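# from the sequence below, what's the structure:
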Amino acid sequence: MKITALAPVVNRVVTALGIGKGMTSTGYQLPITGGIIPAAWPWNFWQQGRDPIDGGPNAIVHACVDAYAQTIAALPARHVSEYEGEGVQRITTSALSRVLRRPNSYSTKTDFMMNMVKTLLLFGNSYALAYRNDRQEIAELHLLHPRTTTPMVDRESGEIFYAVGENEMLPVETAQMVVPARDMFHLRLYTPRHPLIGISPITHLAASIASTNAINAHQAAFFNNMARPSGVISTDERLTKDQMTQLREAWASNATLLNSGGVPILSAGLKWQAMSITSQDAQLVEAFRMGVEDIARAFRVPLPLVGDTRNANYNNVEILVATWLAQGLGFMIEHIEHGFSAFFALPLDTHCQIDVDALMRTDFAGRVDALTKGITGGLYSPNEARRKEGLADADFGDEPRLQAQVVPLSRVDAEPAESAPAAPVPVAEESRELSVAEVVAKIREAAA
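Next up is the predicted model:
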């Protein structure tokens with residue numbers, strides 16, 4: 001596979017928003033502090049009292065991102081067609097079906113989908129470089145780092161190009177190439193500043209992320225370094241400086257670090273007074289929960305999926321999944337499906353499909369109940385329902401069936417069809433009345 005560098009247009013293209021050193025799709029990365037100026041901030045942010053925020057790693061953010069990435073990666077993705085009267089048929093010989101099965105030589109389908117969704121949510125953009133075969137069909141997709149991949153626009157023609165970013169599995173010279181949009185698979189989220197530059201939901205969560213990180217840091221400092229004493233040793237005696245130092249060292253050696261939980265013995269009138277937790281400390285947990293709710297709300301993820309089980313109801317998983325599909329997961333799946341369909345230039349009667357039925361694999365009772373109702377209602381044939389459960393076909397199970405009294409509305413007043421006349425029942429020879437001649441013949445046969 002060869003991709004030709006577009007040298008003639010390099011001098012005519014400009015990067016979207018002038019992104020260069022230090023700039024990313026979500027804002028300006030401070031080189032020293034590591035903080036971020038969100039893309040939505042005005043240029044005079046310091047005059048408005050805004051400080052660059054260093055969000056840092058946040059467990060709730062990654063829990064929300066992983067909920068999307070791991071769920072979508074686990075769902076079957078396929079190329080299907082929908083012709084009138086034929087239902088949904090799977091296509092297994094197209095370029096899309098081959099790429100969905102194995103995107104490249106070093107990634108599986110789940111590897112590719114998981115990393116693609118994570119970069120999309122964390123950075124607002126996900127890029128994948130396409131390699132083509134001799135028939136000019138897309139044969140491989142290679143994910144690129146979103147901070148080093150840049151969309152570009154030709155001043156004269158208005159065509160879109162991309163400066164290829166980093167991928168350690170690709171040749172070094174690839175990172176210096178400019179490729180047309182037809183060779184770059186690009187998914188993006190909300191684009192407030194430029195149609196080609198998406199931003200992550202994290203951009204609007206800077207305050208919530210900073211507050212939850214601050215609470216975690218405070219708790220870590222309190223428990224690791226004892227930022228505030230848990231109690232006081234008091235006595236009516238007057239102690240010298242040396243005595244107080246010796247007492248502090250003796251207490252620390254017997255009650256902290258590896259000896260935590262030991263039982264110090266006090267004498268000479270010394271008394272231990274434990275310090276109670278203030279109402280402000282008790283509200284830290286509530287403040288942390290508010291931060292968790294803000295982050296989950298921005299990512300459109302139900303709280304039970306990020307470990308907050310306060311109001312969880314495990315009796316109906318289907319409702320929880322249906323809520324998530326309606327609020328956030330459904331859009332993300334639809335966004336990816338349309339992205340693949342457009343990039344592979346699929347005909348109108350075919351498209352990429354990510355099967356959400358796999359989400360209900362764990363709800364066996366609900367799944368079987370739905371299939372049973374589908375069979376009795378004529379929606380599925382018995383064999384179609386069996387195939388959904390991975391079972392072999394049964395005899396005479398290929399045709400959907402209904403009860404006889406189920407008729408179209410136009411036939412409600414019609415006379416019932418006459419039943420066919422019953423076939424004559426053959427009379428056994430032993431039960432037939434014999435004639436006189438037959439009786440005489442039978443007597444002679446018996447006498448002989």
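# show me the strands in the stretch 251-400 of the chain, by range?
271-274, 350-354 (DSSP state E, counting those that start in this stretch).
# lowest mean pLDDT across those, which one is that?
Of all the strands of the stretch 251-400 of the chain, strand 271-274 carries the lowest average pLDDT, namely a mean of 66.
# near the closest residue in space to Asp66 that isn't next to it in sequence, how many other residues are there?
Counting by CB to CB, 6 or more residues apart in numbering, Lys118 is the residue found nearest to Asp66 once chain neighbours are left out, at 7.5 Å. The C-beta positions use only the backbone N, C-alpha and C, and glycine is treated the same way. Residue neighbour count, defined by other CB atoms under 10 Å, stands at 18 for Lys118.
# SS state for Lys118?
Applying DSSP: H, G, I helix; E, B strand; the rest coil to Lys118 yields a three-state assignment of helix.
# go ahead and confirm it touches Val65.
Yes - between Lys118 and Val65 a contact is recorded at 5.5 Å, counting by CB atoms under 8 Å.
# what ranges does the stretch 301-448 of the chain have for its helices?
Remark: helices assigned in the stretch 301-448 of the chain by DSSP state H, counting those that start in this stretch are 317-324, 330-343, 364-376, 382-388, 436-447.
# out of these, which is closest to Tyr190?
helix 330-343 (11.4 Å; CB to CB).
# got the buried residues for the closest one?
The neighbour-count check on helix 330-343 (16 or more other CB atoms under 10 Å) flags Met332, Ile333, Ile336, Gly339, Phe340, Ser341, Phe343 as buried.
# any idea which of the helices of the stretch 301-448 of the chain scores lowest on pLDDT?
Mean pLDDT is lowest for helix 436-447 out of the helices of the stretch 301-448 of the chain, coming in at a mean of 74.
# how about the CA coordinates for that helix, as PDB?
As requested, C-alpha coordinates have been extracted for helix 436-447 and formatted as PDB (Å, rounded to 0.1, in the frame of the first residue of the first chain):
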ATOM      1  CA  VAL A 436     -75.300 -66.400   3.500                       C
ATOM      2  CA  ALA A 437     -73.000 -67.700   0.700                       C
ATOM      3  CA  GLU A 438     -69.900 -66.300   2.400                       C
ATOM      4  CA  VAL A 439     -70.900 -67.900   5.700                       C
ATOM      5  CA  VAL A 440     -71.400 -71.300   4.000                       C
ATOM      6  CA  ALA A 441     -68.000 -71.000   2.300                       C
ATOM      7  CA  LYS A 442     -66.300 -70.200   5.600                       C
ATOM      8  CA  ILE A 443     -67.900 -73.300   7.300                       C
ATOM      9  CA  ARG A 444     -66.800 -75.600   4.500                       C
ATOM     10  CA  GLU A 445     -63.200 -74.200   4.700                       C
ATOM     11  CA  ALA A 446     -63.200 -74.800   8.400                       C
ATOM     12  CA  ALA A 447     -64.500 -78.400   8.000                       C
END
